[in-house]
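Visitor: Here you go, sequence then predicted model.
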Amino acid sequence: MDASAEDPGQIYGAAGAVVKTLIYYEECANLTPLQKDLLELKLRKVSNLNIAAMLNEKYNKSYNENYISTIYR
């Protein structure tokens, strides 16, 4: 979700309801910070190779691009 989605009240009609629903499920999922970063990067359509590099650097991990697909699912 982009910055406009931070305040679902600014989005009108069905789109606002969808954003509220997505926020609800994200909160219910109880994601770790790493998982939240992964989700955000996937939603931005960042490649798995780049996601792995970013997560590896930020969280001191050694994930490869195939593993990114596995943990995303």
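Guide: Ah, there it is.
Visitor: Tell me which residues touch the closest residue to residue 31 other than its chain neighbours, please.
Guide: In space, and not counting its chain neighbours, residue 31 is closest to residue 39: 6.8 Å by Cβ to Cβ, 6 or more residues apart in numbering. (C-beta placed from N, C-alpha, C; glycine too.) Neighbouring residues of residue 39 by Cβ atoms under 8 Å, 6 or more residues apart in numbering: 26, 31, 72.
Visitor: quick check: mean pLDDT across the helix or strand harbouring residue 39?
Guide: Using DSSP states H and E, residue 39 falls within helix 33-43. Helix 33-43 shows a mean pLDDT of 91.
Visitor: Contacts only, for residue 29.
Guide: Neighbouring residues of residue 29 by Cβ under 8 Å, 6+ apart: residue 35.
Visitor: Look up how far residue 60 lies from it.
Guide: Here the criterion is Cβ to Cβ, to the nearest Å. By it, residue 29 lies 24 Å from residue 60.
Visitor: on that earlier part again, now, which of the contacts of residue 39 lie within helices?
Guide: Among the contacts of residue 39, the residues falling in helices (DSSP state H) are 26, 72.
Visitor: Nearest to residue 47, out of the contacts of residue 39: which one, please.
Guide: residue 72 (12.3 Å; Cβ to Cβ).
Visitor: Residue 62 against residue 55, yeah?
Guide: No - between residue 62 and residue 55 there is no contact, the gap being 9.8 Å when judged by Cβ atoms under 8 Å.
Visitor: okay, the two: which has more neighbours?
Guide: residue 55 (21 against 9; other Cβ atoms under 10 Å).
Visitor: who touches that one in this structure?
Guide: By Cβ under 8 Å, 6+ apart, the neighbours of residue 55 are 34, 37, 38, 61, 63, 68.
Visitor: Ignoring the adjacent residues along the chain, who's closest to the first one?
Guide: Read it as residue 34. residue 59 (5.3 Å).
Visitor: Residue 52: neighbour count?
Guide: Around residue 52 there are 21 other residues, counting by other Cβ under 10 Å.
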